[in-house]
Structures are given as structure tokens and as C-alpha cells.
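Peer 1: Need a 3D model of the following:
(chains A, B, C and D)
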Number of protein chains: 2
Amino acid sequence: MATINDVARLAGVGLGTASRVISGKGAVSAKTAERVRRAIDELKYRPSHAARTLPTGASHMIGVYIPLLKGSFYTPILNIIHTELRANGQNMVVAFGSGNGDARKQAMEGLEFLIERGCDGYLLVSDALTEDDITAIGAQASRLVLLNHSLKSIHNQCFSADHYAGGRLAAQALLEMKHRRIAVIAGFATSRDNVARINGFMHELGLAGIDVDAIPVIDSDFSPEGGWNSAAALIASKHKFTALFCANDEMGVGALSYFQQAGIAVPGRI
Amino acid sequence: MATINDVARLAGVGLGTASRVISGKGAVSAKTAERVRRAIDELKYRPSHAARTLPTGASHMIGVYIPLLKGSFYTPILNIIHTELRANGQNMVVAFGSGNGDARKQAMEGLEFLIERGCDGYLLVSDALTEDDITAIGAQASRLVLLNHSLKSIHNQCFSADHYAGGRLAAQALLEMKHRRIAVIAGFATSRDNVARINGFMHELGLAGIDVDAIPVIDSDFSPEGGWNSAAALIASKHKFTALFCANDEMGVGALSYFQQAGIAVPGRI
DNA sequence: GGCGAAATTGGTAACGTTTCCAAAATTCTT
DNA sequence: AAGAATTTTGGAAACGTTACCAATTTCGCC
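Peer 2: Next comes the predicted model:
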């Protein structure tokens, strides 16, 4: 691979001048710049990313952690992050959850892996991290952004959707359609997202005078299979309901699939 | 950030010795190694990835290009690549297709982007590249692996599923179930995958004595929406068929969705 | 205890950039 | 035309690591 030295020699200029042309920083006369550019083309020169990182300290890589690459939740997020990063000349280095251990352990493993690589910044989509974890990564905490989670110590580096409001909106939609007998398929009971959505949903139903304690709620796992099984369980339980709230799309799809197989029309009977 | 020099000084050893302990290459006495390790802990030392890359030339990053992050085809591939890479201490740097321009242009843009970063190797999932493109990247061609495509000049760096055989297997499955009137929803007519699958499928039907020219084939686009529309078009066309072959899962899902909405039982009528 | 062999150690020279500073060349001003 | 001001240029030093070589220490053996 040709280096900047080769370029400088071929162009008959000094090292500094070649560097200025390549990086575009600092003035160079038009004539000289042209000569350097010709040398670059001739040698098919490409700057070494690693060598550039060393004196400047900027790696132009952003590490992104996603709990898992599956389903309809994280994938579009990853897609958008990638597009935005690339438009700004940044690289995306990714780490997904390993699937072993609890969510917090996986997230920290992923983050550590990314930190090893010396990224300029870190983008974590996970609500499992705690204040202790932030302390543990020390100075790197200042280059960390959290999505879908909020921690006091870095609260202005945290960005979330308002899941509580989401739950309320879902409830309002069903209430507007005059539904009063409503069933719920919830996600993991330990998931903050889930708890917030369900709470918001119930709160709104309560305001409408519905007895929320009588609402059948099945705790599931955010997966299509979980939605399928939960829908089956709801039907088997003989509870009567005209509408169903699922805490995420995946379970909604699973439930729809069960209803179709069971010959229950949606929309129609539910 | 602490450097290897800080570690060496604190441990009271030479630079070379510290390097040997950290990289694990070369013999160091147990006593000394322990001293160095304590210094590492105390300083929370982390080797700089970029500095390491410079003398060795190995960046420990593998660039992966995927045409798009959507649907059920590429995502699991990406997932598996990630798992395997990480288990070997490698990083995955990803580039997705931009969505602008033809597939070949996008793939080359993605590859160029990755090459800029100086990865150790490149993994491209794309059947759009040509021999000219391989020539264009010069020496980097030796560190390129192609998935789902094959080019003569680097044929031992190419790995593909046998789409023709896949089409044949699909046909055999339907024939075994005694289907004789079969419809087809194909993918992009320009897609090699699609052409191979359809050809394999038709070949097998031909062997079974079915008039393949009479088979209704609708060219679509591999998307659920395309499958939906094509299924609708097939039904509207009044062709009679008891089985349907879709060139990929996405279109299959779209077709199923249409049939459900149209009240056509699957399995049952189709 | 002394010798040779082997193991361990320290430090210099890369790796390919950027950043600076001083020197040289050019332009402007009078 | 001379001097001052400005622009352009070249090259040394630094970034943090690894690889190598030479020097030192340790060990085994008679």
C-alpha cells in the first residue's frame, strides 16, 4: 500500500504539503495541490485510517449496541443510525447481545467490547444498564448515549419514547371505538417499557370508568410465539372481550395468527 | 488514557517487557508479569486499538456489506456473521445499501466505504458485483469474500446456496402432495436468485409431465406488498390452482395475507 | 566456583499520519 | 527597488504500539 511519503516523493513536495492536500486543512497553492492529486491517483493512495487515528485521537467509529437483531423493534433503529452515521463519514461498529445471561450483563459485555475498540462514541439501545455500570466505565461515560432508557447521572445523554403515553394513546383509540371489554397481552413483567405501557393503558381505562382489576392480563415475552400462546390462553379462559391490547407488535402478530387459525375474525369478533 | 509507557513505569519494567505481558507474546517471568498486571489494573489501562494496528497491519475489523437491513433474508445472515466474528475477537463494521441507484452501484459504494476504513477482510452479500468491480478494487480483492454470488476470478472466495436446487425441492414437495395446478409468484426478473429458483422449479415440473408454459407466473419484487398484489392478480386472472410457489418468504407472507383477507382458506382451498 | 546455555529484560526503530514551527517564496506597499 | 507582510513550503516531533536485537540475569552442570 502506498503511503503519504510515496505521494510526497512522487509529487516532489514535502511531507507536510502532501498532508495538507490530502486532509484539506491548510493552504496549498493550486499548482502544487494539482501535482499532489495526480500522484495520489497514480499510486492509488488511500490514507490509513489507523495512522490517522493515532495523532488526532478520533477514530471516526461509533459503537452501537442492540440487544438482539430480530423482530421489528431494533432493526429499523439500527438502520436509521447507520444512515445518519454514514452521511457524516462515520463508521458503525455493532455489537449485538450474545443471548447468554441477563440483559444487563449482555449490554455491559457489548459495551466493553466496543470500548476495547476505542470508538469516538457509544450508542446503547438497552434499558438494563444501572448507575453502577456508568460508574464502572469511568471516563468513557461522557461519550455514551442511551436510547430507550434514562439514568440520572447522564440524563442529558438519554433519549426515550414515552411508553406511558403510548399506552394511554392505545387505550384512547379503543375507547373511542366504544370498546369496554378489553383484554391485554403484556410483555416481560420486568421490562420497564412493558410496565410503562400497561400502566398508561390501565390509567386511561380507569379514567373512563372501567374496572381495571377485572381486565384479563396475560404476561408474556414480546415474541410472536408468546402472543400466539397468550391469545390461545385468553380464549380458553372464557373471558369475553371485544378488543385486545398487545404490549408490542410481535405479540400482536402472534395473536392475530392464533385468531386466524382458530377461525376468530379480526376485525369482526375482535 | 493510560498508555503502555505508564504501565511500564509504574511496574518498574521496560517498555518491551510490558508489551510482552499485554500482548501475551514472548516469555516473561511470573513475578514480573504479576507486577505488570497489577499496574494495568491500577491504571485501568486499555491498549489502543489504532496504535496496535499500525505496526502489525491487522485492524481486527471485518467489513460486512448487506444490501438492506429489512425482511427475513439478510438479518439472520448478519446475525450469524456477527456472532462468529466476535467469538474470534474480530469487530464487525457494517455498511448497508443506501437505497439509491442500482444494486451494483450501491454494493460498490458500500465496499469502497469499508475499504477506506482499512478492514482486514470484506464480506459482501450481493450478487450484483461484476468482474470489472473486482479488478477495480485491485489488491483488496484478495481479502474479499462473496456470499450468494460467484465470480470466476475469485471463485474460491465465493459461497452460495444452490437456488436452482431449492426451486427443484420446492417443486418436488408440491408434486409429492399431488398438486398439478400450480401458480408462481416470482421475484425480480433481473435477480439471479429468482431466475435460478424459478428455473429449477419449472424444470422439476416439466419432468413430472406438467405443461410449464401453461403455468401462471407473475413477476413481482420480493416484498410482502408485491406478494399481496400478485396473489390478488392471480385470483383475479381466474386461473385455477391448488398450490402456489413464491420465490421468497416475504412474498409468501404477503400472499397469505391477501388470501386471508379474501376469505380463501390456506391450507384448504390453496 | 566457574563456565556455557538459556531465559529474561530494556530500549531503539519502525508503522503512517497530523501538527506544529521555522524557512523560503511570493505579494504588497511605499 | 527595497522592505514588510503574507503565503507557501519542508521537515521534525509526536501519537501508542510491536518487533527486534543486544545486554543482562538466571540456571544447570562439572
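Peer 1: And the spatially most central residue of chain A, how far from DNA strand C?
Peer 2: When CA atoms, centre = their mean is applied to chain A, the residue found nearest the centroid is residue A:125 (4.2 Å). In this view, residue A:125 and DNA strand C are 32 Å apart by CB to the nearest atom of the strand, to the nearest Å. Placement of C-beta: from N, CA and C, glycine included.
Peer 1: What are the phi and psi values at that residue?
Peer 2: Dihedral angles of residue A:125 (phi, psi; degrees, to the nearest 10) stand at phi -100, psi 100.
Peer 1: For it, name its beta-bridge partners.
Peer 2: With DSSP bridges as the criterion, residue A:125 is bridged to residue A:147.
Peer 1: Name the residues of the stretch 1-150 of chain A found near DNA strand D, please.
Peer 2: When proximity is defined by CB under 7 Å from any atom of the strand, the stretch 1-150 of chain A lies next to DNA strand D at A:12-17, A:19-20, A:26-29, A:31-33, A:54-55.
Peer 1: Helices of chain A, residue ranges please.
Peer 2: Assigned by DSSP state H, chain A shows helices spanning A:4-11, A:15-23, A:30-43, A:49-56, A:74-87, A:103-116, A:131-136, A:163-176, A:192-207, A:224-236, A:249-261.
Peer 1: Next, format these as TSV and append distance to chain B, mean neighbour count and mean pLDDT.
Peer 2: Converted to TSV, these look like this (distance: least, CB to the nearest CB, whole Å; neighbours: other CB atoms under 10 Å in any protein chain shown; pLDDT from 0 to 100):
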stretch	distance to chain B	mean neighbour count	mean pLDDT
helix A:4-11	13	18	94
helix A:15-23	13	18	94
helix A:30-43	11	15	93
helix A:49-56	4	16	92
helix A:74-87	5	16	90
helix A:103-116	7	19	90
helix A:131-136	10	14	92
helix A:163-176	21	18	97
helix A:192-207	21	20	95
helix A:224-236	12	20	96
helix A:249-261	6	20	93
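Peer 1: on that earlier part again, kindly confirm whether my reading is correct that the residue nearest to the centre of chain A touches residue A:63.
Peer 2: No - Residue A:125 is beyond contact range of residue A:63, at 11.7 Å (criterion: CB atoms under 8 Å).
Peer 1: re earlier: for the residue nearest to the centre of chain A, give me its contacts.
Peer 2: Going by CB atoms under 8 Å, 6 or more residues apart in numbering or on different chains, residue A:125 touches A:64, A:65, A:66, A:67, A:74, A:77, A:147, A:148.
Peer 1: filter the residues you listed to the buried ones?
Peer 2: A:64, A:65, A:66, A:67, A:74, A:147, A:148 (16 or more other CB atoms under 10 Å in any protein chain shown).
Peer 1: how close does the residue of the stretch 51-200 of chain A found nearest DNA strand C get to residue B:106?
Peer 2: Across the stretch 51-200 of chain A, the shortest distance to DNA strand C (CB to the nearest atom of the strand) belongs to residue A:51, at 3.3 Å. Separation of residue A:51 from residue B:106 (CB to CB, to the nearest Å): 29 Å.
Peer 1: can you check residue A:53 too?
Peer 2: Separation of residue A:53 from residue B:106 (CB to CB) stands at 27 Å.
Peer 1: do residue A:201 as well
Peer 2: In this view, residue A:201 and residue B:106 are 42 Å apart by CB to CB.
Peer 1: Tell me, how many residues neighbour the residue nearest to residue A:22 when sequence neighbours are not counted?
Peer 2: Spatial nearest neighbour of residue A:22, excluding adjacent residues (CB to CB, 6 or more residues apart in numbering or on different chains): residue A:47 at 6.1 Å. Other residues lying near residue A:47 total 16 when counted by other CB atoms under 10 Å in any protein chain shown.
Peer 1: For residue A:1, which residues are in contact?
Peer 2: Residue A:1 neighbours (CB under 8 Å, 6+ apart): A:46, A:48, B:139.
Peer 1: Most neighbours among the residues you listed, which one is it?
Peer 2: Highest neighbour count within the contacts of residue A:1, by other CB under 10 Å: residue A:48, with 18 neighbours.
Peer 1: how near is that residue to residue B:119?
Peer 2: For residue A:48, the distance to residue B:119 equals 12 Å [CB to CB].
Peer 1: Same check on residue A:139?
Peer 2: Using CB to CB, residue A:139 is found at 28 Å from residue B:119.
Peer 1: repeat for residue A:224
Peer 2: Residue A:224 is 35 Å from residue B:119, where distance means CB to CB.
Peer 1: Next: residue A:218.
Peer 2: Noted for residue A:218: a distance of 47 Å to residue B:119, by CB to CB.
Peer 1: Just to check, residue A:158 is in contact with residue A:149?
Peer 2: Yes - using CB under 8 Å, residue A:158 and residue A:149 qualify as a contacting pair, with a distance of 6.2 Å.
Peer 1: which residues do these two both contact?
Peer 2: Taking CB under 8 Å, 6+ apart as the contact rule, residue A:158 and residue A:149 touch no residue in common.
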